[in-house]
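Participant: kindly generate the corresponding structure for this input.
(chains A and B)
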Amino acid sequence: DAGVTQSPTHLIKTRGQQVTLRCSPISGHKSVSWYQQVLGQGPQFIFQYYEKEERGRGNFPDRFSARQFPNYSSELNVNALLLGDSALYLCASSFIAGGPQETQYFGPGTRLLVL
Amino acid sequence: ILNVEQSPQSLHVQEGDSTNFTCSFPSSNFYALHWYRWETAKSPEALFVMTLNGDEKKKGRISATLNTKEGYSYLYIKGSQPEDSATYLCAFIWHDKIIFGKGTRLHILP
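Facilitator: Down below sits the predicted model:
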């Protein structure tokens, strides 16, 4: 079975632009979460979606938005990019919107550079 | 503000030696603690989900313990091998939030 996939792998944008990142979960998984990891820090939780509904949101500005599609894939959108948005964006899928015991399976990430 | 601390930040270990590192988290309102291994250029890989005080989990040469009353978890690696070189992350689950530590970067020396 394929793991979690993300596209693109790398992206360069300029300040003020908008970006869309994509994630396909493991087949059968219905929940997708998004994380931002800046250098030297642990991943920071952005959103969790389950069955196309937002189930959780981290401390990120409204410039960050996401959605989940009927096939459970997901997009993360970031508007009005700032230099500080440069980071690795990780997507993780799980069978349901667990439970603290729910294991999440991560994709390889999209590295975004904002110039 | 909830804080998850991992120590040490970085560790160099001779191949064949055993090692351990720590994840500290708030001891109140504990839900679960996850350990991940993250090799360079790969995806973070789930190692353990710890939920009960006194939990001990094992996967090959890697094991973990949990003390929810004092707010820490230890990860042990026995007989380190080159393939153990990675960043080890812990994640504390609190209500609907998941809070990661910064990780311990483990380097195995030949």
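
Participant: give me the pLDDT for A:Gly99.
Facilitator: Note for A:Gly99: predicted pLDDT of 67.

Participant: strands along chain B, start to end?
Facilitator: For chain B, the strands defined by DSSP state E cover B:5-7, B:10-14, B:19-24, B:32-38, B:45-50, B:56-59, B:62-67, B:72-77, B:86-94, B:97-100, B:104-109.

Participant: ok now the fourth one, how far from the chain's centre?
Facilitator: Put plainly, it is strand B:32-38. Distance of strand B:32-38 from its chain centroid, counting by CA atoms, centre = their mean, to the nearest Å, is 6 Å.

Participant: can you check the third one too?
Facilitator: Average the C-alpha atoms of strand B:19-24, do the same for its chain, and the two points are 6 Å apart (CA atoms, centre = their mean).

Participant: and that strand, anywhere near chain A?
Facilitator: No - Strand B:19-24 lies out of reach of chain A by CB under 8 Å from any CB of the partner chain, never closer than 10.7 Å. Backbone N, C-alpha and C define where each C-beta goes, glycine included.

Participant: just want the most central residue of chain A.
Facilitator: By CA atoms, centre = their mean, chain A has its centre lying nearest to A:Trp34, at 2.9 Å.

Participant: return the residues in contact with the nearest residue to that one once chain neighbours are set aside.
Facilitator: Distance criterion CB to CB, 6 or more residues apart in numbering or on different chains; nearest residue to A:Trp34, sequence neighbours excluded, is A:Ile46 at 4.3 Å. A:Ile46 is in contact with A:Ser33, A:Trp34, A:Tyr35, A:Gln36, A:Arg57, A:Gly58, A:Phe60, A:Phe64, A:Ala66, A:Leu76, counting by CB atoms under 8 Å, 6 or more residues apart in numbering or on different chains.

Participant: which SSE is the fourth one in?
Facilitator: Here A:Gln36, judged by DSSP states H and E, is contained in strand A:31-37.

Participant: where does chain B have its least confident helix or strand?
Facilitator: Here the helix or strand of chain B ranked lowest by mean pLDDT, DSSP states H and E is strand B:97-100, holding a mean of 86.
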